[in-house]
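**Q** When you get a sec, could you give me coordinates for this:
(one chain, ligands or ions: 1)
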Amino acid sequence: MASRYIIKKLEGKVKQAIYGYNLIGNGDSVMVGLSGGKDSYALLDLLVTSRRSLPIKFKLHACHVQASDMTYRADIEFMEQYCAANDVELHIREINVDYNPNDRKPACFICSWKRRKMLFTTARENGCNKLALGHHLDDAIETLLLNMINHSSISSIPPKLSMFKGELFLIRPLTTCLDREMVKYSQLKGFPTEKEQCQYDKDTHRSTVRELIRQMELINRDARENIYRSMQNIFDEYIVTKPKKKNQ
Ligand SMILES: Nc1ncnc2c1ncn2[C@@H]1O[C@H](COP(=O)(O)OP(=O)(O)OP(=O)(O)O)[C@@H](O)[C@H]1O
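**A** Okay, the predicted model is just below:
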């Protein structure tokens with residue numbers, strides 16, 4: 001009963017995001033970035049379910065990008081079986097991160113930049129007009145806080161973003177889903193976790209922000225959702241604007 005509830009709840013959240021943010025329409029070709037982790041498997045599975053249940057006709061592709069010089073390895077066999085059984089066209093691509101420890105940029109930054117580029121290229125080569133990523137609510141609020149702390153900006157990862165003058169849209173159908181819900185969903189559906197972790201898999205800033213959010217929940221147990229919703233409630237008159245310069 002509890003498992004049925006969480007599955008239905010997430011199906012409802014994804015459906016709401018699809019309609020509420022106009023993420024997917026008739027005739028769309030959607031490519032899912034499939035890392036082999038719990039979030040992107042859950043995303044792909046929830047989109048497979050949406051395609052069956054919603055009156056929207058769309059094609060599904062999945063693309064897994066493997067960094068040949070990193071140790072992260074996903075279960076490719078499972079991916080192939082899942083995609084074949086669910087009418088999803090799978091594309092496996094390879095990149096070289098070519099990380100030099102003397103570089104100023106961390107390995108994760110270079111890897112994710114090259115991976116993103118490969119996802120864009122593969123989506124466009126296959127006529128996809130949407131690229132779906134498995135970011136969820138926790139990712140959105142962690143990014144918001146990190147951008148405030150590090151870049152003095154109020155910005156996050158939006159549910160829909162136009163790229164290449166509207167030729168491709170980046171979409172995030174899990175935008176209102178919580179990380180703990182994704183963990184549960186993936187366990188219930190029996191999705192694999194990655195076979196081998198990446199050797200650089202330690203974003204200490206993100207884990208510190210995660211801990212900070214847990215502390216915030218001690219003040220208000222709805223802190224997580226409230227921080228997310230605060231991006232939808234910006235009161236122009238009650239924020240600090242930039243002061244005018246002398247000659248303005
Ligand atoms: N190697 C990859 N190949 C294809 N898509 C990827 C890959 N890595 C990440 N992505 C996409 O980018 C999203 C965000 O990546 P991130 O590394 O933050 O993943 P995550 O939060 O650990 O999610 P997941 O559980 O899906 O790995 C993923 O959900 C997925 O859609």
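**Q** neighbours around residue 152, how many?
**A** Residues lying near residue 152 (other CB atoms under 10 Å) number 7. Heads up, the C-betas are built off the backbone N, CA and C, glycines and all.
**Q** what about it, distance to residue 209?
**A** 16 Å (CB to CB, to the nearest Å).
**Q** Mind giving me the packing neighbours of the top strand by length along the chain?
**A** Using DSSP state E, we find that the single longest strand of the chain is strand 58-67. Judged by 3 or more CB pairs under 8 Å, 6 or more residues apart in numbering; DSSP states H and E, the packing partners of strand 58-67 are strand 28-33, helix 38-53, helix 76-85, strand 89-95, helix 107-125.
**Q** what would those look like in JSON lines with mean pLDDT, mean neighbour count and distance to residue 229?
**A** Output for these, formatted as JSON lines (pLDDT from 0 to 100; neighbours: other CB atoms under 10 Å; distance: least, CB to CB, whole Å):
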{"stretch": "strand 28-33", "mean pLDDT": "98", "mean neighbour count": "23", "distance to residue 229": "26"}
{"stretch": "helix 38-53", "mean pLDDT": "97", "mean neighbour count": "21", "distance to residue 229": "21"}
{"stretch": "helix 76-85", "mean pLDDT": "97", "mean neighbour count": "14", "distance to residue 229": "34"}
{"stretch": "strand 89-95", "mean pLDDT": "97", "mean neighbour count": "16", "distance to residue 229": "36"}
{"stretch": "helix 107-125", "mean pLDDT": "93", "mean neighbour count": "17", "distance to residue 229": "27"}
